[in-house]
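Peer 1: below are the sequence and a predicted model; questions follow.
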Amino acid sequence: MAETRYFERNGEGAVRLWRITLDGIRCRTGWGVAGGAMRGMSMTLDDEAHARRHFARKIAEKRRNGYVEVAPPPEAPEAQRANAAAGADAGTGAGVRLLDLVGRGHEYEPVAGHPGVVVRFHDFKAGPGPFYEYYIVGEDPGRGLSLVVKKPGHDGSMVSAFLDFVRPRVGLAFDGRSHHKVPLPAPIGPFDHVLFCGPSLTAVNHDGRLGKVFPIRDCEIGDEDTETFVEARIQGRDALPSTTWDRAPFPVIDLRFDLRRAAGFGELGGRGSVREKTFKVYPRAMVERGLRLLAEADPGGVLEIRNHRRDVLEVTSERPRTMDEIDRFLLGPAGDGGRNG
C-alpha cells in the first residue's frame, strides 16, 4: 500500500507545496506553488528498507527547510478510494476487461491462431519508426501483457512461437514478483529466454492490470537481478532495445571502480579521481572510457566488471584486458577468467 505525505511552506508571497509517496522500492516526489502546476520525479531504491530510509530522510530535510506537514488536499481521499477500488478490481480482473481499456479509441485486430491476443500496427515514419503493438490476455480477462516489436525485426513465425510460449504463462507477471527470467525450451531466433515484467516495471500499467514481456538472450538480464537492476537495464540510460528483435547482443554490464591520478585525468578536465563504490548499470562506452582512465591512473587503480552470472572480471594496470577479452567475458556462459582467472 502506497503512503503519501503532504507539506507546505509559506513565504515570499507564495505557498509552496511538496509531497512524497512511498510505494514499495520507489519514492515519488512532487512540488510546486499553490494554484500552479506541480512538477515531479521518481526514484527507485535498492530495496524496501532503503526506500523507507530515503522517504524518512527527504521528509526530515523538508522539515529543516521550514516545511510543515498538512492534511491531504480535499480531493486526495476520493482519488485514493478510486485507486484502491481500481487496484482491488485489478487484483481479480472482475468487471473490467483489459482489452476494453487498452482498445478504447483504437482498432486492434485479433491474431489468428492465438485467442486472447490482439495487435495494432503503428506506421510511424519518424521517431520510434513503425512497430507492432500486441496485447496478450490469459485466463483472467482483466489482466495481460504488452509486447512491442519494431517492424524491421518483426518475423511472423518468431512472434507466433513466442506467443505460444507466453500466453499460458501470463500469470507470472502478477504473482507478486517484479519479474521472471524464464528459459525457452528451444531458441526462438536468437533468443533463449523470456523476461516477464510485472506492473511495477511497466510505465503505463492500467492500475496494475498490465505487465510487459519480451524475448532476451541469457546475457542480457542478470540471473539474480533485483527489481532495481532490471529497471535500470530496461528503462535507464542506453537501455536494452527490447522492441528490436534483430538487435546484436546487449549484455549485462555492471561496473565498480576506483581510479586515481595525482596529476589529474585530462579526460575529466583535471579531476583527480573517479569512484563507484557499488556495482551500477553502465553502457559499454563506459567500459571503454574506464580502460582509458585506467591506463593513465596511478598504481593500485581497479576497474571491476560484472556479467549476467555475477562473475567479476578485475582489470588493473598490472593486469590489463582488451575489449575483445571483456566482450567474451560478458557474452560467455561462465566468464573467461573472472576475479581469480
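Peer 2: Here it is on my side, so go on. Numbering: from 1, shown residues only.
Peer 1: correct me if wrong: residue 317 contacts residue 291.
Peer 2: No - taking CB atoms under 8 Å as the definition, residue 317 is not a contact partner of residue 291, at 10.5 Å. Bear in mind the C-beta positions are built from the backbone N, C-alpha and C, glycine included.
Peer 1: from one end of stretch 40-55 to the other, what's the distance?
Peer 2: 15 Å (CA to CA, to the nearest Å).
Peer 1: check stretch 221-228 too.
Peer 2: Termini of stretch 221-228 sit 12 Å apart (CA to CA).
Peer 1: before we move on, what about stretch 304-320?
Peer 2: 11 Å.
Peer 1: what's the average pLDDT for it?
Peer 2: Stretch 304-320 carries an average pLDDT of 95.
Peer 1: residues in contact with it?
Peer 2: 218-224, 251-257, 279, 287, 290-291, 294-295, 297, 299-303, 321, 326, 329-330, 332-335, 337-339, 341 (CB atoms under 8 Å, 6 or more residues apart in numbering).
Peer 1: and that stretch, what's buried?
Peer 2: For stretch 304-320, the neighbour count (16 or more other CB atoms under 10 Å) marks 304-309, 311-315, 317 as buried.
Peer 1: ditto for stretch 276-290
Peer 2: 276, 279-282, 286-287, 289-290.
Peer 1: pLDDT-wise, which helix or strand of this protein ranks last?
Peer 2: helix 75-92 (a mean of 46; mean pLDDT, DSSP states H and E).
Peer 1: tell me the secondary structure at the residue nearest the centre of the chain.
Peer 2: Nearest to the geometric centre of the chain sits residue 231, at 1.8 Å (CA atoms, centre = their mean). Under DSSP: H, G, I helix; E, B strand; the rest coil, residue 231 falls in the helix class.
Peer 1: need the contact list for it.
Peer 2: With contact taken as CB under 8 Å, 6+ apart, residue 231 is in contact with 44, 201.
Peer 1: could you check how far it is from residue 103?
Peer 2: Residue 231 is 27 Å from residue 103, where distance means CB to CB, to the nearest Å.
Peer 1: just the element for residue 204, please.
Peer 2: Under DSSP states H and E, no helix or strand contains residue 204.
Peer 1: quick one, phi psi at it?
Peer 2: Torsion angles at residue 204 (phi, psi; degrees, to the nearest 10) stand at phi -110, psi 100.
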